[in-house]
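S.K.: Everything below, folded, please.
(chains A and B)
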Amino acid sequence: MTTERRPDAAASAGAYPGAAAIPQDIDWSGDLPVLAVRDELIAAVRAHQVVIVAGETGSGKTTQLPKICLAAGRGRTGMIGHTQPRRIAARAVASRIAEELKTQVGAGVGFKVRFSDQTATQTYLKLMTDGVLLAELGQDRLLRAYDTIIIDEAHERSLNIDFLLGYLRTLLAKRPDLKLLITSATIDVERFSRHFAGAPVFVVEGRSYPVETRYRPVSLEAAASSEDEGFELIEEAIPRAVVEAVEECLQHERAQGRSARGDILVFSSSEREIRLLADTLRKYGPPHTEILPLYSRLSVAEQQKVFERGSGRRIVIATNVAETSLTVPNIHYVIDPGFARISRYSYRSKVQRLPVEAVSQASANQRAGRCGRIAPGVCIRLYSEADYLARPEFTDPEIRRTNLAAVILQMQVLGLGDLERFPFLDAPDSRLVNDGFRLLEELGAVDRQRRITTLGRQIARLPLDPRLARMVVAAAPLGALHEVLVIVAALSVQDPRDRPHDKQQAADERHAQFRHPDSDFLFFVNLWDVLAAQKGELTERERREFARKHFLSWLRLREWRETWRQLVQLCEGLKLPMNREPAPYEAVHRALLTGLLSQIAHKGDDREYQAPRNQKALVFPGSVLARKGPPWIMAAELVETHRVYLRLAAKIEPEWAEKLAGDLLKRSYSEPHWERRQGRVVAFEQTSLFGLVLHARRKVNYEPVNRAEAREIFIRDALVAGDIDLKAAFFRHNRELIAEVERLEDKTRRRDLLVDEETLYAFYDERVPEDVASLKTFEDWRHRVEKEQPGHLCLSREQVLAKAADDGTAHDFPDTLRVAGHDLPLRYHFEPGHEADGVTLLLPAGLVQEVPEAVLEWLVPGLLGDRVEALLRGLPKALRRQLVPLPDTVASVLQELGPQMPGAQQGRPQGAGGKAPESLLAALGQALLRRGVRVGASDWAG
DNA sequence: TTGTGGTGT
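M.R.: As a prediction, the model looks like this:
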């Protein structure tokens, strides 16, 4: 780790001690192509602010350019900063150049990568990763620590490089004293030149041997009949073609009469395909040949085999790791099927995809170049020349195919303004930019106006993916910072688990003891606890042994620990308190969920999960949840390969997501209605997040949702309909008033006496304030208002009566009927067709015998008219005709019948005990007879 | 039933 640190560069620009350490004489020995143009380069550096140097591997540009800069007088007012895409390269280049300049690494020449700063005050040449230079922008906006900057391997076009090239272009005007050198493979250098106002380009020969390219297109005859051509190609046709190509290499070697065997490098697109090719080659390939897989995730020991020279011939089957990151020694032949997995972020599905694609011409050439380093080589391409020529010249730069949230956030912090106008070499797709902002908004790092928030600044200060940084910030208040830092550190380095192909089961068994049944994340916490406990107890040797036995990569464990340590320090700076007690599951996972809101999924049929935006996904088979499948999960990654996989997952409760989602949560309401028991208006709420329904039908108080509508429902269904438990005088009064009118309606067999509901609604609507929509708010208001106006809510008789009812009602429709000396209650009901329609005498069983039927025929005075009219209408036509106009006859007959009603003299009908009453039909018959119409008993209908 | 390769305040 760091021993010395430079003082603040900007403040000490005048007192830069590196210049004094620069050697007087530079050793130019060594036979490197770049030295042929050394003097021109020195002159160019002096004359131009920007110089582009294109050269292939072996040109010596990486080691000689810094020296050329020194010779051109650079490094005198600030360091020469020299960036590399990879840490390993930064270290290696630093030690090579330190040796050539006869200084020590960490003295005149230093390097700085994550976790290791080997620079000193006298350092005049600083190797670093491009990520480090970017990070330094935070403290040193004008890069005053440097008077020269070399961006190496610019053709790789990583996000870091593209950002740096854009930033440096803006910086050149502000720092006229700054020199910039850009090196690249000999591809597309004109683009770089144009980007920097026509900077001069030097093309330096690589020192490599000629490579003969042979095109051997894969025969797809066998695949033609297959339904899945891609499958056929990868599973059968390519392995077959590779076997043939290997044979061709061996034939070539025999024809050359070479004594030493040459190794063969086969490019492959994935671990799976490597296995497939390896199996095929072991079966059908040449005997006595070592087959070596090579890919980044391979354990260190297995990778190391590639660099240990064995005795026999070797065939190395490698992913793209061998195209840029690792140089496989002794390669005379390259076999290139022409495919690679390319990471592409889909702004539409918000998913990282890893499709297998045909590689670009640039990539194919880079692959071919891998066999021309020690001798003339042969590259066999398993595709046609026409295919090659039809391919894109260059691989899409990363900025065109990745999520841009981190870059956007960085630019916001640096105040670089509008990303759309930033001078990128290739402008990012605006849809990717929008999606980057969308993610930042989801994380709360920017607001709706896309301005960075306080939270965003905290996130930006952590050297983490924004999602992971968000988790860290959330963890402290939840008392789960310790666990979350352990997890986040693990997620930001390579998985420390080794899983050698031939010992998969053993590895899985060893790893199983650290598993948590519901969460892949807690694996890391469990493992961490065990490793932490060992620190005081076991020697390093014992701990290494433990790691080995448990299929854990010591190197990656160290990276994990160092990342964690760095994060712990930063959290202290951010004043995020560390928990001492272990955090419960919920706290840890709520914190994680803050960064993974758009990566939740809901269990569907079978093992399939429904992920956001209507996507089907599967839990990655290595997860503890792969078999179990709880209803709701979140995943650290959502990657599409053969399927969409949810990798590193944990069980969650949908309520956690609901609470965290804020404005992202969509709520819809249905069926708002009054609930008497709750005394309020409720509705069913449906919540959803990114199209996933978190809760389908939850009963909620509707008042805060839509107060106006809730109030209307409250007035209509509670106050007007009377469906409310109110012990209030006004309410009893109003109910009684309404009941009275309703009784009147029943008696008079009409439905137009009570005012309609709208009128009653209007009455309350006028009085009840806007903010009253429930029993409680209503009562609170009523108690206040009735102190001033006690009758404020009382309806008057006029207000409930639609028309004035006549005053004869009490006589015409008595409430009781006097029968056999008893006042018996009468019930009125107006509902034609109903059993109880009309008037009903409630007769105790004991009195049944005492009531003459004749009494009942007469009904009550108010109904007698209708009854008589009905009887007359029921007469045979011949009789009826003599009674027209019927209404007149009814009116005049009633005049006579009225006084004859039972009990009419006393004002009340009478039953047995008085004079026996005459039957209605008899009385009516008499009345009609007086009008000259004789009605027989059989003439009465029914 | 399984993922290309890097980088960091």
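
S.K.: Which elements pack onto the host helix or strand of residue A:872?
M.R.: Here residue A:872 is covered by helix A:861-873, with elements defined by DSSP states H and E. Packing contacts for helix A:861-873, counted by 3 or more CB pairs under 8 Å, 6 or more residues apart in numbering; DSSP states H and E, involve helix A:809-812, helix A:886-897, helix A:920-929. In short, each C-beta sits where N, CA and C put it, glycine included.

S.K.: Mind listing residues that contact it?
M.R.: A:747-749, A:808-809, A:811-814, A:838-839, A:858-859, A:880, A:883, A:886-887, A:889-891, A:893-894, A:897-898, A:901, A:920-921, A:924, A:940-941 (CB atoms under 8 Å, 6 or more residues apart in numbering).

S.K.: same thing but 7 Å
M.R.: For helix A:861-873, the external contacting residues (CB atoms under 7 Å, 6 or more residues apart in numbering) are A:747-748, A:811-813, A:838-839, A:858-859, A:880, A:883, A:886, A:889-890, A:893-894, A:897-898, A:901, A:924, A:940.

S.K.: Over to stretch A:643-652?
M.R.: Contacts for stretch A:643-652 (CB under 7 Å, 6+ apart): A:351, A:518-521, A:589, A:593, A:600-601, A:609, A:611, A:615-620, A:623, A:625, A:630, A:632-639.

S.K.: close to DNA strand B, is it?
M.R.: Yes - Stretch A:643-652 lies within reach of DNA strand B by CB under 7 Å from any atom of the strand, at A:643, A:645, A:647, A:648.

S.K.: which of the residues you listed count as buried?
M.R.: Buried members of those, scored by 16 or more other CB atoms under 10 Å, are A:645, A:647, A:648.

S.K.: The residues you listed in strands, which ones?
M.R.: Of the positions in these, A:645, A:647, A:648 sit in strands, assigned by DSSP state E.

S.K.: What count of nearby residues applies to the closest residue to residue A:156 other than its chain neighbours?
M.R.: Nearest residue to residue A:156 in three dimensions, chain neighbours excluded: residue A:85, at 5.4 Å (CB to CB, 6 or more residues apart in numbering). Neighbourhood size, residue A:85 [other CB atoms under 10 Å]: 21.

S.K.: try the one 3 residues further on
M.R.: Residue A:88 is flanked by 13 other residues according to other CB under 10 Å.

S.K.: Distance check, it against DNA strand B.
M.R.: Plainly put, residue A:88 is 6 Å away from DNA strand B if you go by CB to the nearest atom of the strand, to the nearest Å.

S.K.: Check what pLDDT that residue gets.
M.R.: You'll see residue A:88 listed with a pLDDT of 90.

S.K.: beta partners for residue A:446?
M.R.: Residue A:446 forms beta bridges with residue A:452, as assigned by DSSP bridges.

S.K.: Over to the spatially most central residue of chain A. Which of the three states is it?
M.R.: Nearest residue to the geometric centre of chain A (CA atoms, centre = their mean): residue A:598, 0.8 Å. Using DSSP: H, G, I helix; E, B strand; the rest coil, the structure places residue A:598 in helix.

S.K.: surely it meets residue A:443?
M.R.: No - contact criterion CB atoms under 7 Å: residue A:598 and residue A:443 do not qualify, at 9.6 Å.

S.K.: burial measure for the residue of the stretch 1-150 of chain A found nearest DNA strand B, as a count.
M.R.: Proximity of the stretch 1-150 of chain A to DNA strand B (CB to the nearest atom of the strand) peaks at residue A:131, 2.6 Å away. Per other CB under 10 Å, the neighbour tally for residue A:131 reads 20.

S.K.: What helix or strand is it located in?
M.R.: helix A:130-136.

S.K.: which residues of the stretch 1-150 of chain A fall in helices?
M.R.: Under the criterion DSSP state H, counting those that start in this stretch, the stretch 1-150 of chain A contains helices at A:18-21, A:38-47, A:61-71, A:87-100, A:130-136.

S.K.: ok, now the stretch 701-850 of chain A?
M.R.: Under DSSP H, counting those that start in this stretch, the stretch 701-850 of chain A gives helices at A:707-713, A:729-748, A:757-767, A:775-788, A:797-800, A:809-812.

S.K.: Would you mark the buried spots in the second one?
M.R.: By 16+ other CB under 10 Å, the buried positions in helix A:729-748 come out as A:730-731, A:734, A:737-738, A:741-748.

S.K.: picking up where we left off before, can you redo the buried ones among the residues of stretch A:643-652 next to DNA strand B as a markdown table with pLDDT and distance to residue A:569?
M.R.: Formatted as a markdown table, these follow (pLDDT from 0 to 100; distance: CB to CB, whole Å):
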| residue | pLDDT | distance to residue A:569 |
| --- | --- | --- |
| A:645 | 94 | 34 |
| A:647 | 93 | 29 |
| A:648 | 95 | 25 |
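
S.K.: That'll do, ta.
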